[in-house]
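1. Build the 3D model from these lines:
(2 chains)
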Amino acid sequence: MKVVFLGATKGMGRSLSRLLAERGEQLFLLEHVPEQLERTARDLEVRGASGPVQTADCDLLHPETFAAALDAADAALGDFDTVIVTAGLFGTQQQLEDDPDWAARVVTANYANTVLFCEEARRRLLTRGGGLLCVFSSVAGDRGRKTVILYGSAKAGLSHYLEGLDHKFRAEGLKTVCVKPGFVKTGMTAGLKPPPFAGEPDDVARRVLKAIDRGRPVVYAPPMWRLVMCVIRNLPRFVMRRINF
Amino acid sequence: MASQPYRTRLTAWGRFPVLEGFEIMSEDLEQGVAGANLCRGLGRSYGDAALPATVDDLVANTTLADRLLAFDPDSGVTRAEAGFSLFALNRLLLRRGWFTPVSPGTQYVTLGGMVASDVHGKNHHVDGCFGQHVRSLRLRLADGRIIECSEQREPELFRATIGGMGLTGHILEVEFSLRKIPTPWIWGESERIDNLDSMVAGLKEAAVGWPMTVGWVDCLARGEDLGRGILMKGRWANADEAPDARPPLKRRFRVPVELPNFALCRPSMKAFNVLYYRKHFQRIRQGIEHPESFFYPLDVADDWNLIYGRRGFAQYQCVLPHADDNGPARRFLELFVSSGGGAFLCVIKDCGSEGKGMLSFPRPGISIAMDFPIHPTKTQPFVDRLNELVIAEGGRIYLTKDALSRPEHFAAMEPRLEAFNAVRRKWDPQAKLRSALSVRLLGDAL
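-> Predicted structure coming up:
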């Protein structure tokens, strides 16, 4: 695999990129803090990524960086066939309610700009007969919930977009994998009280990698969250108004 | 987006004490430690070394800063971020034929913690402490500067940081040398030993031919049997002895719930100790061993500290000078047994020479480590008595294990403390970097 990875420096992206490196895949990393990017690139090389791991600047808050970053990846890898996006912003519902600027950044980066990035990647993959696009959405997008109103709304849009891509382009060879992590213990959620069924990033990464290999369109991780969200999606509104989930 | 500090209750492996403070976790350690009073890794020290000094102090958790930055497959020189764990190192590099030059008794430790505690292992008599194999450290000082220190650059700070309990600067990166091993398997030999004199003699004898030795002592045995136990020796197996396969992943167990405080009472400990001793039927056993069962026998049970119940437990480790009649070690064990101390595990090891760390624990002599459940009133006076004996015998204690020693006792054991404090004051005049341990033992102001 020739993988372009947006978000490998942190959290689940770090775990997933390490699994790919240990399998000896070729990796090209995108992100916007050069020093962090360099460190992660060295880490993945030592862990077994094939060839040097190169990087390019790409900021989810600045869509104008997307095209150049993907061009650089194409040049370095020689036509990539896989694009993985784990990057995203987070804030608790309270933080986002209190800080409209933060809310704007979260909603823009996690929905509008992630979609724009995927569009750039999709076009490139389709011109060469397809490939795989794996994007981390969230279980927060499965239902409007009190605790993730803003964050969840952006993820809901993203999940819909990925579903649409899958419907339209799978026949043309573009596989879309929409990852819906439940609560996972990463830096993003440090300090939050883990609910039951909280996952470890390495376990989630193993599950996602399996889904990538099989080209499954939707993957919940940890798997228990598929059941949890099935229940949540079917709860009547009067219940949703009462519970704090 | 920067990670945010959050309020939490922190404890370490002994689950005593439990203290409140702020913690921050960040993949970007440089950013995470800004404003922090202390760093903390996997929390495998036993006492209060990795705990905040006050409820407002900030502890930076390093475990997300776990990137390998360089590995030279020719020389074994490796550089990684401070939160990189020995577990990750073993998973990645043991099968490629590399191992840490010094390993403590658990692999759930970070490099930063291994430096701050200047850990030692079964090979101390030949290879010394981990600090001996550290080439360079990247530190964030109390004033915010980031520097690289080594034997060549700021050697005094370098030596104070090794074994310095994280009080001289935040350790960001560690560069050290790995050791090439012939196979990832251990050739081990274990021997049943009748008493303390034979144990010490056995350790000394084994030290000549074996790179790794350690003894387990039944510390409920008294009189004639005092010091009886099992002596374990090991070396890396050669290619012609070892199986062709790689060591399989070890199955791990969980202790599912915290056991009640009385679970580890005297009879249950006695039963465990007797069984452990008796199940070694043959006087000598030898053969190929899985490296994890040799180095990390307790790691098979995740959360084994829960067996001590809600109150937690204390570990006590000291090193006592050698004597021809093994007097110091004998008097220590006698005091331990006669004061009603019972321990689930008691480990004995002959130490080699003193390390380069200014406060590094080992020194030539016999090291004894044991753990016991915390009792609300009896444990403190018990530790005091042990410390008084250690002072009288000219020994010292291991800070990484300690939760209960008094400052005057520690000062009496540590003639090196003044020099360490001077280096600390020089680099951190306001003592911004501090821990619950440094307030308790080193007199840091609150």
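
2. Which single residue of chain B approaches chain A most closely?
-> Taking Cβ to the nearest Cβ, chain A has its nearest neighbour within chain B at residue B:6, 2.9 Å off. Bear in mind the C-beta positions are built from the backbone N, C-alpha and C, glycine included.

3. So which bits of chain B are right by chain A?
-> Contact residues (Cβ under 8 Å from any Cβ of the partner chain) of chain B with chain A: B:1, B:3-6, B:8, B:23-28, B:61, B:64, B:67-71, B:81, B:92.

4. Which ones among these lie within helices?
-> Counted as lying in helices by DSSP state H, out of the residues of chain B next to chain A, are residue B:92.

5. can you list the domain ranges for chain B.
-> What automatic domain parsing lists as the domains of chain B is B:68-181, B:186-404.

6. could I get those as a markdown table with mean neighbour count and mean pLDDT?
-> Shown next, in a markdown table, are the domains of chain B (neighbours: other Cβ atoms under 10 Å in any protein chain shown; pLDDT from 0 to 100):
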| stretch | mean neighbour count | mean pLDDT |
| --- | --- | --- |
| domain B:68-181 | 21 | 97 |
| domain B:186-404 | 18 | 92 |
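
7. packing partners for the top helix by length along chain A?
-> Longest helix in chain A, counting residues (DSSP H): helix A:149-169. Packing contacts for helix A:149-169, counted by 3 or more Cβ pairs under 8 Å, 6 or more residues apart in numbering or on different chains; DSSP states H and E, involve helix A:93-98, helix A:100-107, helix A:114-127, strand A:131-136, strand A:174-181.

8. Can you give me the buried ones in it?
-> Using 16 or more other Cβ atoms under 10 Å in any protein chain shown as the test for burial, helix A:149-169 gives A:150-159, A:161-162, A:165-166, A:169.

9. In the beta-sheet assignment, what are the partners of residue 174?
-> Just going to use chain A. Note on residue A:174: beta-bridge partners by DSSP bridges are residue A:131.

10. wrong chain, I was asking about chain B
-> Beta-bridge partners for residue B:174, by DSSP bridges, are residue B:80, residue B:137.

11. residues contacting it?
-> By Cβ atoms under 8 Å, 6 or more residues apart in numbering or on different chains, the contact list for residue B:174 reads B:79-80, B:82, B:84, B:111-112, B:114-115, B:134, B:136-138.

12. hmm, try it at 6 Å
-> Going by Cβ atoms under 6 Å, 6 or more residues apart in numbering or on different chains, residue B:174 touches B:111, B:115, B:137.

13. Ok, residue B:328 next?
-> Residues in contact with residue B:328 (Cβ under 6 Å, 6+ apart) are B:320-321, B:393.

14. Please list the residues of chain A that sit near chain B.
-> Neighbours of chain B within chain A, by Cβ under 6 Å from any Cβ of the partner chain: A:10, A:39, A:42-43, A:46, A:89, A:187, A:190-191.

15. Looking at these, which is nearest chain B?
-> Among these, residue A:191 lies closest to chain B (Cβ to the nearest Cβ), at 2.9 Å.

16. if I read this right, that closest one contacts residue B:6, doesn't it?
-> Yes: Residue A:191 is within contact range of residue B:6, at 2.9 Å (criterion: Cβ atoms under 6 Å).

17. Settle it for me: which of those two has more neighbours?
-> Legend: neighbour count by other Cβ atoms under 10 Å in any protein chain shown for residue A:191 and residue B:6, higher for residue A:191 (16 against 12).

18. show me what contacts that one?
-> Counting by Cβ under 6 Å, 6+ apart, residue A:191 makes contact with residue B:6.

19. please redo it, this time with the cut-off set to 8 Å
-> B:4-6, B:8, B:23, B:25.

20. Could you pull up the mean pLDDT of the helix or strand that contains residue B:412?
-> Using DSSP states H and E, residue B:412 sits in helix B:407-413. Mean pLDDT, computed over helix B:407-413, is 97.

21. contacts for that helix?
-> With Cβ under 8 Å, 6+ apart as the test, helix B:407-413 has contacts from B:384, B:387-388, B:390-391, B:395-397, B:417, B:440-443.

22. Next, the buried residues of that helix.
-> Applying 16+ other Cβ under 10 Å to helix B:407-413 flags B:409-410, B:412-413 as buried.

23. On the C-terminal side of that helix, identify the next helix or strand.
-> Next along the chain from helix B:407-413, counting by DSSP H and E, comes helix B:417-427.

24. average pLDDT across the helix or strand following that following helix?
-> Proceeding N to C from helix B:417-427, the next assigned helix or strand is helix B:436-441, under DSSP H and E. Per-residue pLDDT values across helix B:436-441 average out to 97.

25. next one: helix B:436-441 to chain centre, how far?
-> Relative to its chain's centre, helix B:436-441 lies at 18 Å (Cα atoms, centre = their mean, to the nearest Å).

26. Please apply the same query to stretch A:210-224.
-> Its chain's C-alpha centre and that of stretch A:210-224 lie 13 Å apart, by Cα atoms, centre = their mean.

27. mind listing what's buried in that stretch?
-> A:211-212, A:216, A:218-222.

28. re the thing from before, which ones among the contacts of residue B:328 are found in strands?
-> Members of those lying in strands (criterion: DSSP state E): residue B:320.

29. Turn the contacts of residue B:328 into TSV, columns for distance to residue B:285.
-> Shown next, in TSV, are the contacts of residue B:328 (distance: Cβ to Cβ, whole Å):
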residue	distance to residue B:285
B:320	29
B:321	32
B:393	33
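
30. that older thread, among the domains of chain B, which comes closest to residue A:127?
-> Evaluated over the domains of chain B, closeness to residue A:127 peaks at domain B:68-181, with 36.4 Å, by Cβ to Cβ.

31. Could you work out the end-to-end span of that closest one for me?
-> 20 Å (Cα to Cα, to the nearest Å).

32. and that domain, how far from the chain's centre?
-> Put simply, domain B:68-181 sits 14 Å off its chain's centre (Cα atoms, centre = their mean).

33. give me the beta-bridge partners of residue B:147?
-> Beta bridges link residue B:147 to residue B:139 when assigned by DSSP bridges.

34. my read: it touches residue B:141, true?
-> Yes: in this structure, residue B:147 is within contact of residue B:141 by Cβ atoms under 8 Å, at 6.5 Å.

35. quick revisit: and for residue A:191 and residue B:6, which residues touch both?
-> Joint contacts of residue A:191 and residue B:6 (Cβ under 8 Å, 6+ apart) are residue B:23.
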